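1. Predicted model, plus sequence, below.
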There are 2 protein chains.
Amino acid sequence: MAETPIRFGILGCAEIARKVSRAIKLSTNATLYAVGSRSIEKASRFASANGFPPSAKIYGSYEAVLDDPDVDAVYVPLPTSLRVRWIVLAAQKKKHVLSEKPVALNVKELDVILEACESNGVQFMDGTMWMHHPRAAKMREFLSDPGRFGVLKSVHSCFTFAADPDFLENDIRVKPDLDALGALGDVGWYCIRAILWAADFELPKSVIALHGSVFNKAGVIVSCGASLCWEDGKVATFHCSFLANLTMNVTFVGTKGTLHLNDFVVPFEENKASFTAGTESWFTELVTGWLAKPSEHTVVTDLPQEALMLKEFSRLVGSIKNNGLKPEKKWPTLSRKTQLVLDAVKASIDGGLVAVEVVS
Amino acid sequence: MAETPIRFGILGCAEIARKVSRAIKLSTNATLYAVGSRSIEKASRFASANGFPPSAKIYGSYEAVLDDPDVDAVYVPLPTSLRVRWIVLAAQKKKHVLSEKPVALNVKELDVILEACESNGVQFMDGTMWMHHPRAAKMREFLSDPGRFGVLKSVHSCFTFAADPDFLENDIRVKPDLDALGALGDVGWYCIRAILWAADFELPKSVIALHGSVFNKAGVIVSCGASLCWEDGKVATFHCSFLANLTMNVTFVGTKGTLHLNDFVVPFEENKASFTAGTESWFTELVTGWLAKPSEHTVVTDLPQEALMLKEFSRLVGSIKNNGLKPEKKWPTLSRKTQLVLDAVKASIDGGLVAVEVVS
């Protein structure tokens, strides 16, 4: 017998919630069940515009969504500064939580969130979509192959986009009381995640921010970067910014192989994504060319990566709800490691580019 | 009336001299005239193996090449520590100089070299071949276009190759008495040059080496990187190493555009080379893909980049020799700026990752 799809409640009507609503619709094991906003009219408009079924519950507050006993899980795209309050409350009401990133303003707040989820037995997952694309699994195969990639030596990731002047002063992502981590929390989160992912989530020994950070008038980071260093000699750098053309590059270099892609966060196209990979690359005689160009690998997908994320999250929630399994610890662990490195970068910037040890 | 091709003498039989000998042969305005080695047998074998004409002069010393009055120009692929001595002597003998890189161990030595060339009225150029590929000119068009690229905001360059254990202990590029700059001088030179090139050779304000430098047993750098920062807020990072798979990536990000290539130093193929470029990149509705993928631009070339370098160098030498023009100052200036940044990176590493101001 087919199990009932996981019933989602959405807290707030953020722009990103439109994409996630579509992803819920595309997932066979999830359903759009409720939306809450401080304005019930706004919630109603959001539901109509985003294909909620006529039966969907429209609420004039976030609390009302959490109080609905039929809501299984909530999606939380609220500003980062509000997240600890609402996720803790959601967990206490036994709602499973899919949270936007950065999950929290710092790891101390994150730990409050994760502790609430764990003690209430609810699943936690952050909204880093690219990890759920089958391309990520295919890249992992390459990076894990001693013959094709060898041992990881360096990573560089770069995620920038060109925000307009209005965004740089007024968007929630640059407001000190809403998303105080600015570009580091928004685009930097993905850069750090890609680096940690390649390192099999082994934490770096230390982190040093790069010089040249840029802040807006309110003192929020709009461009920065950092250098990471591991015990075994691996190194990584990243650059993230709201001040430059949309770029999503990452390069992983191993002793035997190189993997590169130009669209690591949001693939150029929805139904397929590529990367280039080279192994034991070398020159022709007289170094007049390469023996082989890195080869291009394309991975097709029936569902976009955000729908695959929703499907995986809903599968885990279903296992808990229907089969009495425990929440999957992998996802909160990955969020926490990302936040730890993010905190270290912030501490390095605040400390004048000091080296910051990353301690879990 | 066609002018006599520039007659080249080659000092030493380095591996790279084989590629440059072929480039001289391919240039219509240059000719292989002489080769000198400490062993005349070695010089003779080199000449036969690399298509020198039967009339070519085979010498058992570098001095003999410099003393030959018919040699117009010399190519100097000797170890860096020997370069100041031989280039100064070559200049005094009125030979024009094409030098391998890194040109010198530091800018003080470089200035001795450049002063000797200038005071003797000979052309100086370093052997950074990629700048002579028509792809570089095409990329420059893109980077200079305010509509397509805007203002440069960041660069990341990466040049690594996997040296074998024997290389890491015995190659001249890791010998403290021959090429004491190791990977920084060899592969790092190209990374720095690409960054400066993109910045229209405006020097950065300061440089900080990245943590995680690796040294061989003799204390020579085999892997390192740095972060560069300009007065106007531009930033750059690079990573260079002898410890990882062959990788030659560079990404230039401007306010409006992004340019990326994976083979910036030696193009994958000899007769054409590509780069990808995107302008005002943005997402589709709901951020489910990109409105346009960065487009691929391919530039064909009749001659390989090293032959174009030889042709340009020989053209400049011909202008001096036949038309009484002055040496072109651009090339020594670019070498000097590259060396200045390289020195700053080395000083930062030696000083424990301190910020080093770059002063011309």
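-> The structure has been received and is ready for your questions.

2. how about low-confidence regions in the stretch 151-300 of chain A?
-> Along the stretch 151-300 of chain A, no part satisfies pLDDT under 70.

3. Okay, strands next: where are they in it?
-> A:152-162, A:206-209, A:214-215, A:221-229, A:235-241, A:243-254, A:257-261, A:272-279, A:295-300 (DSSP state E, counting those that start in this stretch).

4. and the angle for whichever helix or strand A:Ile349 is part of with strand A:235-241?
-> Using DSSP states H and E, A:Ile349 sits in helix A:330-350. Going by axes from the mean of the first three to the mean of the last three Cα atoms, to 10 degrees, helix A:330-350 is angled at 80 degrees with respect to strand A:235-241.

5. List the buried residues for helix A:330-350?
-> A:331-332, A:334-349 (16 or more other Cβ atoms under 10 Å in any protein chain shown). (C-beta placed from N, C-alpha, C; glycine too.)

6. Who are the contact partners of A:Val84?
-> Contacts for A:Val84 (Cβ atoms under 8 Å, 6 or more residues apart in numbering or on different chains) come out as A:104, A:109, A:112-113.

7. how does chain A divide up, domain by domain?
-> Following automatic domain parsing, chain A resolves into domains at A:6-129, A:131-305+A:339-357.

8. Select, out of those domains, the one closest to A:Gly318.
-> Nearest of the domains of chain A to A:Gly318, taken as Cβ to Cβ: domain A:6-129 at 6.1 Å.

9. Run a quick neighbour tally on the closest residue to chain B within the stretch 1-150 of chain A.
-> Here the stretch 1-150 of chain A gets closest to chain B at one residue, A:Lys19, 4.7 Å apart by Cβ to the nearest Cβ. As a burial measure, A:Lys19 scores 22 neighbours (other Cβ atoms under 10 Å in any protein chain shown).

10. what packs against the helix or strand just after the helix holding A:Ile349?
-> Next along the chain after helix A:330-350, taking DSSP H and E as the criterion, comes strand A:355-357. When contacts are defined as 3 or more Cβ pairs under 8 Å, 6 or more residues apart in numbering or on different chains; DSSP states H and E, strand A:355-357 packs onto strand A:206-209, helix A:330-350.

11. Residue numbers of the stretch 251-360 of chain A in contact with chain B?
-> By the rule Cβ under 8 Å from any Cβ of the partner chain, the part of the stretch 251-360 of chain A lying against chain B is A:251, A:253-258, A:260, A:262-263, A:266-270, A:276, A:278-283, A:286-290, A:293-294, A:304, A:306, A:353, A:355.

12. Among these, name the buried ones.
-> Buried among those by 16+ other Cβ under 10 Å: A:251, A:253-258, A:260, A:262-263, A:266-270, A:276, A:278-279, A:281, A:286-290, A:294, A:304, A:306, A:353, A:355.

13. hang on, isn't A:Leu259 packed against A:Phe149?
-> Yes. Counting by Cβ atoms under 8 Å, A:Leu259 does reach A:Phe149; the two are 7.1 Å apart.

14. Now for these two: what residues contact both?
-> The contact sets of A:Leu259 and A:Phe149 overlap at A:142-143, A:252 (Cβ under 8 Å, 6+ apart).

15. Out of those, grab the one that's most surrounded.
-> Each of the shared contacts of A:Leu259 and A:Phe149 was scored for neighbours by other Cβ under 10 Å, and A:Phe252 scores highest at 30 neighbours.

16. what pairs with it across the strands?
-> Per DSSP bridges, the residues bridged to A:Phe252 are A:Val155, A:Leu259.

17. got it, and A:Ile208?
-> A:Ile208 has these beta-bridge partners by DSSP bridges: A:Ser227, A:Ala355.

18. State the distance from it to B:His211.
-> 6 Å (Cβ to Cβ, to the nearest Å).

19. who's more crowded, the two?
-> Of the pair A:Ile208 and B:His211, A:Ile208 is the one with more neighbours under other Cβ under 10 Å, namely 25 against 20.

20. give me every residue that touches that one.
-> A:Ile208 touches A:226-227, A:229, A:348, A:353-356, B:210-211, B:353, counting by Cβ under 8 Å, 6+ apart.

21. Surely A:Cys191 touches A:Phe159?
-> Yes. Judged on Cβ under 8 Å, A:Cys191 makes contact with A:Phe159 at a distance of 5.2 Å.

22. Identify the residue spatially nearest to the residue of the stretch 251-360 of chain A found nearest chain B, adjacent ones excluded.
-> Going by Cβ to the nearest Cβ, chain B is nearest to A:Ser281 of the stretch 251-360 of chain A, at 3.8 Å. Among residues not flanking A:Ser281 along the chain, B:Leu246 sits closest, at 3.8 Å (Cβ to Cβ, 6 or more residues apart in numbering or on different chains).

23. Give me the neighbour count for the one you found.
-> Neighbour count of B:Leu246, defined by other Cβ under 10 Å: 23.

24. which ones are touching it?
-> Here B:Leu246 is in contact with A:258, A:278, A:281-283, A:290, B:160-162 (Cβ under 8 Å, 6+ apart).

25. could you redo the last one with a cut-off of 10 Å?
-> A:253, A:257-258, A:278, A:280-283, A:290-291, A:294, B:159-162, B:187, B:263, B:265-266 (Cβ atoms under 10 Å, 6 or more residues apart in numbering or on different chains).

26. quick one, phi psi at A:Leu89?
-> phi -60, psi -40 (degrees, to the nearest 10).

27. State the distance from it to B:Val266.
-> Going from A:Leu89 to B:Val266 by Cβ to Cβ gives 58 Å.

28. cool, and A:Ala292?
-> Using Cβ to Cβ, we find A:Ala292 at a distance of 13 Å from B:Val266.

29. Also A:Ala17?
-> For A:Ala17 relative to B:Val266 (Cβ to Cβ), the value is 48 Å.

30. before we move on, what about A:Ser213?
-> 34 Å.

31. rewinding a little: can you pick out the most distant pair from the contacts of A:Val84?
-> Farthest pair in the contacts of A:Val84, by Cβ to Cβ: A:Ala104 and A:Val112, 7.9 Å.

32. Pull the number of nearby residues for the residue nearest to A:Val222 when sequence neighbours are not counted.
-> When the adjacent residues along the chain are set aside, A:Val222 lies closest to A:Phe242, with 4.6 Å between them (Cβ to Cβ, 6+ apart). A count of nearby residues for A:Phe242, using other Cβ under 10 Å, gives 24.

33. for A:Pro53, same thing?
-> A:Pro53 is flanked by 10 other residues according to other Cβ under 10 Å.

34. cool, the one 3 residues further on as well?
-> Here the number of neighbours of A:Ala56 (other Cβ under 10 Å) works out to 21.

35. what's the closest residue to it other than its chain neighbours in contact with, if anything?
-> Among residues not flanking A:Ala56 along the chain, A:Ala47 sits closest, at 5.3 Å (Cβ to Cβ, 6+ apart). Residues in contact with A:Ala47, defined by Cβ under 10 Å, 6+ apart, are A:10, A:13, A:21, A:32, A:34-35, A:37, A:53-54, A:56-58.

36. cutoff 7 Å now
-> By Cβ atoms under 7 Å, 6 or more residues apart in numbering or on different chains, the contact set of A:Ala47 is A:35, A:56, A:58.

37. now, which of the residues you listed lie within strands?
-> Per DSSP state E, strands hold the following members of those: A:35, A:58.

38. Got the phi and psi for A:Glu202?
-> phi -70, psi 130.

39. ugh, typo on my part, it should be A:Thr80
-> For A:Thr80, the backbone dihedrals are phi -50, psi -40 (criterion: degrees, to the nearest 10).

40. wait, isn't it in contact with A:Leu184?
-> No. Using Cβ atoms under 7 Å, A:Thr80 is not in contact with A:Leu184; the gap is 11.3 Å.

41. Comparing these two, which residue is more hemmed in?
-> A:Leu184 (30 against 24).

42. so what's that one closest to, chain neighbours aside?
-> Leaving out its chain neighbours, the residue that sits closest to A:Leu184 by Cβ to Cβ, 6+ apart is A:Ile221, at 4.9 Å.

43. Please apply the same query to A:Ala64.
-> With Cβ to Cβ, 6+ apart as the criterion, A:Ala64 has its nearest non-adjacent residue at 5.5 Å, and that residue is A:Gly36.
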